[in-house]
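J.: Sequence first, predicted coordinates after that:
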Amino acid sequence: MISVLIADDHSAIRAGLRMILTNSENIEIVAEASDGRAAMQNAHALKPDVILMDLQMPNVDGIAATRELADHGMNVLVLTTYDHDDYVFGAIKAGAAGFLLKTAEAGEIVNAIERVASGQGAVAPEVGRRLFAVLSEPGARSSQQHPAETVSLTEYGLTEREIQVLTEIGHGSTNKAIAREFGITVGTAKTHVSHILDKLEIDSRTQAALIACDAGLLA
């Protein structure tokens, strides 16, 4: 059973999410919060598997709450009306494991919760297209233009193989695809990914992809 905390300042939105999630056999809503501060307090007390987080909330905004919770190893799935780049990249850099829009279908929300709970990422298709467009900008991220950043990856203690795996993450490869690429088991691929996230002190593959981009690995 996946435990979920809903954080949104609109009672109608919380009621709609409650209706969607209670129809799922493997999801349990453990708490609701109407502001960022309450979301953090409930999350620390209950340790839910996934926190559904709105961005625009009183007291503490969603990005600040996401950063604090992600720093404590919690899985935050942002669910918001806003798809502006500032919100998208702000949430991802804060440590969000996923980013969905409130226009998502019920099945998409349930699927995203399941993915995030299992350690994967989840990004709305329309957001993902923009994200990977930025990551794939020709020339702007080449290693020749960013030698300092590329070298700095070794300062985090990444091995040559881990840098190769980070590059594959940047290209959106799954663990299975990484395993095929390097002739290793899926379990070994997962271990490499886990080590990369730990060494870079981040919480999601999407953050890793952004770092791969900034380091010039996606030429």
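T.: Happy to help now that I have it.
J.: Quick check, pLDDT for V60.
T.: On the pLDDT scale, V60 is placed at 93.
J.: now G119
T.: pLDDT, G119: 80.
J.: So which residue is dead centre in the protein?
T.: Geometric centre of the chain, nearest residue: A97, 1.9 Å, by Cα atoms, centre = their mean.
J.: Pretty sure that one sits against V76.
T.: Yes. The pair A97 and V76 passes the contact test of Cβ atoms under 8 Å, sitting 6.0 Å apart. For glycine as for every other residue, the C-beta is placed from the backbone atoms N, C-alpha and C.
J.: about what we covered before: the residue nearest to the centre of the chain: what's it in contact with?
T.: A70, N75, V76, L77, V116, G121, A122, D203, S204, T206 (Cβ atoms under 8 Å, 6 or more residues apart in numbering).
J.: Same question for Q41.
T.: Applying Cβ under 8 Å, 6+ apart, the residues contacting Q41 are A33.
J.: Assumed it was part of a helix.
T.: Yes. Q41 sits within a helix when classified using DSSP: H, G, I helix; E, B strand; the rest coil.
J.: Against P58, how distant is it?
T.: 14 Å (Cβ to Cβ, to the nearest Å).
J.: Could you pull out the residues contacting both of A97 and V76?
T.: A70.
J.: what about T167, which SS state?
T.: Relying on three-state DSSP, one would call T167 helix.
J.: How confident was the prediction at it?
T.: pLDDT recorded at T167 is 88.
J.: Find the residue closest to it in space, skipping its chain neighbours.
T.: Closest residue to T167 apart from its sequence neighbours, by Cβ to Cβ, 6 or more residues apart in numbering: L217 at 4.4 Å.
J.: Backbone dihedrals for the one you found, please?
T.: phi -80, psi -10 (degrees, to the nearest 10).
J.: Just the pLDDT for it.
T.: For L217, the predicted pLDDT is 80.
J.: Around it, count how many other residues there are.
T.: 24 (other Cβ atoms under 10 Å).
J.: surely it meets Q164?
T.: No. Assessed by Cβ under 8 Å, L217 is found out of contact with Q164, at 9.0 Å.
J.: if we can go back for a sec, I'd like the distance between the residue nearest to the centre of the chain and A43.
T.: 13 Å.
J.: Would you mind finding the longest helix in the chain?
T.: helix 186-200 (DSSP state H).
J.: Give me the mean pLDDT for that helix.
T.: The model assigns helix 186-200 a mean pLDDT of 90.
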